[in-house]
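>>> structure here, sequence nowhere to be found:
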């Protein structure tokens, strides 16, 4: 059976890669990326007598029992315990060693042999081939030595190499699984099951089978499987998977709950409001899964190198044997060749990038930041320029109408028409206009055929007449006249830093003209300044690219502390501005939220969308920050850099180690057992080095700088600790069932 | 011989500590439905597995100590004219390290933490929870495997003894050190397996203290062996009468 392409390992949730295979565990067909993960999954999920997990542990335990005995007797032989009068027991000891080694090789070597065989049938030479070849050669040589030829025995080598690799793979898999612990709740959306209440009966069903209107029961401690409305019960929920904010939210009958959040303390009955796989949780799940599937550039290079490694090592081992065979006794020459085979197992190289990626993506996801591809993280790490869109990104995005200058028309007509037009827009100004109109008791005038001209404005039709609102440039483009008095007023508005919108319409089929200018004021986000300072401290150039008026841009830029800004940019000019930066600064990131920056986000090397961005922005962004999540950006950049440096350190270690150890082995300086031990250890080191990412601090709200922000921080982020802890506790409880006994220390 | 006797007693004293985790395992290993003798075999296999691991660790540590000993010894031979003197210095250095390690471990038993991360860190908890799956399995291989893997579970007592084994600077002595200690834990563990959890938690607390005291004394002795000049003290002779 060959695994499906593009699938994720059942245990560690990393892409399957070259070593992938399918195994049936507990009657369920599971895909694994490596033997280690298969073992670890069996150990973790195994329960009861029949589980293969127990069988694996028996295999490992018995294998260790045999190899440890072999090792001990061998050590005694080496250290000279059987010299002098004790010499005559040596043949017996040799026979004993053979008797112990034969079952040990069978028990421990079988999985490696199986993997080698299945890979060989698909035309690959896997690294397990090296292990199998190495230990079998040592075993066969030693067996011959016992019965025929005499000479040194290398049973300890044969078995310890196998044992160490088995152990190494298990530890590696355990580490990988731990790396993906943060991801597990995000990826659970598809495999989650829900307790559906039908009349008096309750059935466990897959989330995918849940339709709108079904009643779902959620016990305390469970994850809510579907979006819905509470019909019965009250409880607190923790929405951190969806919103990134770990705080308890009180919910009662009639309240809506989100799929993916944890029901903390009371039983709930929920009426599903949509299909199980249409929830935002399921969407996040698909997005994360998609991200994990895409290998980054580093990963592809590493994979290719690993692929080329095995044949090279085989050849090298052959050469080593040939060279030393002439100069040393055959036994020692063989040992040198064995060391070459064993030491060059490139497991650590293959592990370097995916572990760090899934850790990084998982941690970002835990705070509500979605990453579309691991490559985006690596690019963000080297990015030195971040361009911000202004409206809704650096500002609250809810501007208010502050001034209105009209040219021969009433305020009511202006606002009515504008409100009718902007009803079809998601732009921040639209809401301000709607609010202003409502405040004056005006109804929006029905407008048809409204079209958004990105970066320019809106146009529509009222009673056959064209209505348009937007920048002065837009009016010029339409060929409409701008009355000088209006332009003058607009200039005054703009110099005081407000956004200015012109509105005009045509009358009686004549060419239209601008009739009024409105100015809006948008408040910069309280945390914007601190965020930008933090980014600058990270060595990042910050600039503002906005489609808005220069005055507004200058005012906001000054407030948030940016001196590099460009205003009045339509979307394609934003792209040009990004292009200008590239030759000097390399990769450029763009942060935005709305329709206006969709193309910019797509064009930037890393597009970052903040908040509940419009769907287009979410589609084109490589990274999505949660709503009100701008302050997370410096942390995200820091995390991306940590991920990248961890990958580089892993690769440097893995390759450097391989080269040095390989040289030592070729020169005959390295014992095979030592080689295997350090090799297995090198994988473990890569795992541990990657896990260091876990210890980095979480994001800290820069609230201490500003009082309003501080108040917000106090009200929103204080409960984080207990909520987080209880969540982790729940997760642990989910993962392990009951708590295991621990050593008393 | 008194050295090994001391270690045996340390094993007995230390096994009060074992009751916490390993004793629990021994309990849940339970009986064999085929009768008392089968149950005995089951528990014997479990303990043999454990002993093998200890013995292996001891041999390994002894071998490592020996490697350091010869390696440093021959190197310092170039600088120092008296071979035996520098060798002794190495052995004493090892004893100091082992003694300090043991004292650190012992302090943990009294609730003074510091190395908790090392002893219960990555892998240990995973392995412990994984092992539970083995407990209910029938057959002879499972208890043996369980015992072997159990022996690898992080345990400050074992670490302390391994440090002790390393300071013996000999594979065989290292093995024997751990065997003596391991055999010392047999009575309690067999009792636990046979009779179940008889001891009240308060008693176990005392037991842990007792174990800690023993390790502390052993650690101080080992440290003393490293620090106090051999000629000035008769203690040294006690250690080498084996």
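Structure's in. What do you need? Just so we're clear, the structure is a prediction, and the values are computed from it rather than from any experiment.

>>> rest of the way, CA atoms for contacts and neighbours
Will do.

>>> any residue of the longest helix that chain B contains up close to chain A?
Longest helix of chain B, by residue count under DSSP state H: helix B:36-79. Yes - on the criterion C-alpha under 8 Å from any C-alpha of the partner chain, helix B:36-79 is in touch with chain A at B:49, B:52, B:53, B:56, B:59, B:60, B:63.

>>> against residue A:321, how distant is the third one?
Think residue B:53. As for residue B:53, its distance to residue A:321 is 34 Å (criterion: C-alpha to C-alpha, to the nearest Å).

>>> returning to that earlier point: so which of the residues of helix B:36-79 next to chain A wins on neighbours?
In terms of neighbour count, residue B:59 stands highest of those at 32 neighbours, by other C-alpha atoms under 10 Å in any protein chain shown.

>>> pull the contacting residues for that one.
A:72, A:75, B:165, B:170, B:171, B:172, B:173, B:174, B:175 (C-alpha atoms under 8 Å, 6 or more residues apart in numbering or on different chains).

>>> now with 10 Å, please.
With contact taken as C-alpha atoms under 10 Å, 6 or more residues apart in numbering or on different chains, residue B:59 is in contact with A:68, A:71-73, A:75-76, B:53, B:65, B:162, B:165-166, B:169-179.

>>> and if you look at residue A:258?
Counted by C-alpha under 10 Å, 6+ apart, residue A:258 has contacts A:223-229, A:237-239, A:241-243, A:272-273, A:279-281.

>>> now do residue B:145
By C-alpha under 10 Å, 6+ apart, the neighbours of residue B:145 are A:54-65, B:45-46, B:48-50, B:131, B:134, B:151.

>>> one more time with 6 Å
Residues near residue B:145 by C-alpha atoms under 6 Å, 6 or more residues apart in numbering or on different chains: A:58, A:61, A:62.

>>> the second one looks like it's in a strand, true?
No - counting by DSSP: H, G, I helix; E, B strand; the rest coil, one finds residue A:61 to be helix, located in no strand.

>>> could you measure from it over to residue B:3?
From residue A:61 to residue B:3 the distance is 31 Å (C-alpha to C-alpha).

>>> which of those two has more residues huddled nearby?
Shown here are residue A:61 and residue B:3; by other C-alpha under 10 Å, residue A:61 has more neighbours (25 against 15).

>>> just checking, which helix or strand of the chain averages the lowest pLDDT?
Reading this off chain A. Scoring the helices and strands of chain A by mean pLDDT, DSSP states H and E places helix A:720-736 at the bottom, with a mean of 35.

>>> right idea, wrong chain: chain B
Using mean pLDDT, DSSP H and E as the measure, no helix or strand in chain B falls below helix B:116-120, which has a mean of 42.

>>> the one helix or strand residue A:269 maps to pairs with which strands, parallel or anti?
Secondary structure assignment for residue A:269, by DSSP states H and E: strand A:268-272. Strand A:268-272 pairs in its sheet with strand A:215-218 (antiparallel), strand A:228-232 (antiparallel), by DSSP bridges.

>>> buried set for the next helix or strand after it?
Next in sequence after strand A:268-272, counting helices and strands by DSSP H and E, comes helix A:280-293. Neighbour counts over helix A:280-293 (16 or more other C-alpha atoms under 10 Å in any protein chain shown) mark A:280-282, A:284-293 as buried.

>>> quick one: helix A:280-293 to chain centroid distance?
Distance of helix A:280-293 from the chain centroid (C-alpha atoms, centre = their mean, to the nearest Å) equals 9 Å.

>>> repeat that for stretch A:511-531.
35 Å.

>>> sorry, back to before: closest to residue A:465 out of the contacts of residue B:145?
Relative to residue A:465, the closest of those is residue A:58; by C-alpha to C-alpha it sits at 83.4 Å.

>>> quick one, the strand or helix carrying that closest one and helix B:36-79 angle?
Element membership for residue A:58, per DSSP H and E: helix A:52-78. Angle, helix A:52-78 to helix B:36-79, by axes from the mean of the first three to the mean of the last three C-alpha atoms, to 10 degrees: 50 degrees.

>>> near residue 144, how many residues? Count them for me, please.
All of this is about chain A. Neighbour count of residue A:144, defined by other C-alpha under 10 Å: 13.

>>> my bad, chain B
25.

>>> what of residue A:659?
Around residue A:659 there are 14 residues (other C-alpha under 10 Å).

>>> find the helix or strand that it is a member of.
With DSSP H and E as the test, residue A:659 turns up in helix A:633-666.

>>> so for that helix, what gets flagged as buried?
A:633-647, A:649-651, A:653-655, A:657-658, A:661-662, A:664-666.

>>> looking at chain A, which residue is nearest chain B?
As assessed by C-alpha to the nearest C-alpha, chain B sits closest to residue A:61 within chain A, at 3.7 Å.

>>> any idea how far that residue is from residue A:73?
Residue A:61 is 18 Å from residue A:73, by C-alpha to C-alpha.

>>> over to residue A:100?
Residue A:100 sits 11 Å away from residue A:73 when distances are taken as C-alpha to C-alpha.

>>> what's the answer for residue A:600, then?
Residue A:600 is 69 Å from residue A:73, by C-alpha to C-alpha.
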